[in-house]
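>>> next one to model:
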Amino acid sequence: MPKENIKRAIAKGAGAGAGDGIEPVTYEIYGPSGVAVLVLALTDNKNRTLGEIKGVLNKYGGKLAAAGSVGYLFMRKGIINVSIEGQGSEEAELKIIESGADDYAKTDAGYMVYTDPSKSVEVAEKLQAEGVKVLSSEPAMEPQETIKLPDAQAEKVLKLLEALDELNDVNEVNSNLG
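Sure thing, here's the model as predicted:
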């Protein structure tokens, strides 16, 4: 083994140059039953990450898709999860609309508020100032349309999504499973 490779491996193990060469990578995947999956990863070694993802896909019945074949199904949005404890639905909805949110949807515990990712912090702060409890706020890739599957098929897809999410380099896993 060349002396230079040994020095580089020792320096990397000691943390020297940490963060160097880390780059974002997007993988577009067709999961079981044609479910679209978009995986966002941060890696310092694309070949290693690709190999790990291919291993998971082989085990759980997915396959890599060509660039652009899945990505167009998703849209980057800011998603804010809010609780409306102590407030009526109409009052909460009015506060959400006045906050500058693009859209919202009722959930069991409150509302999911959708906004432009660049405005999500601003909208969350406005909601908090109005007394709405913000549970979480994060950017995410939201599917344009979702697919409903029977439980047995959905379970296969969920196993794939969980396995992908457990990979070290994977930062975000999104699917259009409804």
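
>>> rest of the way, CA atoms for contacts and neighbours
Fine.

>>> per-domain residue ranges of this structure.
Following automatic domain parsing, one gets these domains for the chain: 3-72+145-175, 74-143.

>>> now the ones you listed in CSV, with mean pLDDT?
Listed next are the domains of the chain as CSV, based on pLDDT from 0 to 100:
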stretch, mean pLDDT
domain 3-72+145-175, 89
domain 74-143, 90
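
>>> reformat those domains as a markdown table; add mean neighbour count.
Formatted as a markdown table, those follow (neighbours: other CA atoms under 10 Å):
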| stretch | mean neighbour count |
| --- | --- |
| domain 3-72+145-175 | 16 |
| domain 74-143 | 17 |
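
>>> strands of the protein, start to end?
Under the criterion DSSP state E, strands of the chain are mapped to 23-30, 36-43, 63-64, 74-83, 103-106, 110-115, 133-143, 170-175.

>>> tell me how far Ile80 lies from Glu172.
Distance, Ile80 to Glu172, by CA to CA, to the nearest Å: 17 Å.

>>> what does Ala41 give?
Taken as CA to CA, the span from Ala41 to Glu172 is 7 Å.

>>> try Asp151
Going from Asp151 to Glu172 by CA to CA gives 24 Å.

>>> got it, and Gln153?
22 Å.

>>> next: Gly62.
17 Å.

>>> likewise for Glu90?
Using CA to CA, Glu90 is found at 34 Å from Glu172.

>>> so the residue nearest to Ser175 when sequence neighbours are not counted bridges to which residues?
In this structure, Ser175 finds its nearest non-sequential neighbour in Val37, 4.3 Å apart by CA to CA, 6 or more residues apart in numbering. On the basis of DSSP bridges, Val37 is bridged to Ile29, Ser175.

>>> numbering from 239 from now on, please.
Shifting the count to begin at 239 puts that one at Val275.

>>> is it true that Val275 touches Leu295?
No: using CA atoms under 8 Å, Val275 is not in contact with Leu295, being 11.1 Å away.

>>> pull up the overlap in contacts between these two.
Gly269 (CA atoms under 8 Å, 6 or more residues apart in numbering).

>>> residues contacting the closest residue to Asp341 other than its chain neighbours?
Leaving aside its sequence neighbours, Asp341 sits nearest to Tyr352 (CA to CA, 6+ apart; 5.0 Å). Neighbour list for Tyr352: Lys315, Gly316, Ile317, Ile318, Ala339, Asp340, Asp341, Tyr342 [criterion: CA under 8 Å, 6+ apart].

>>> distance of the last one relative to Gly316?
So that's Tyr342. The value you get for Tyr342 to Gly316, if CA to CA is used, is 11 Å.
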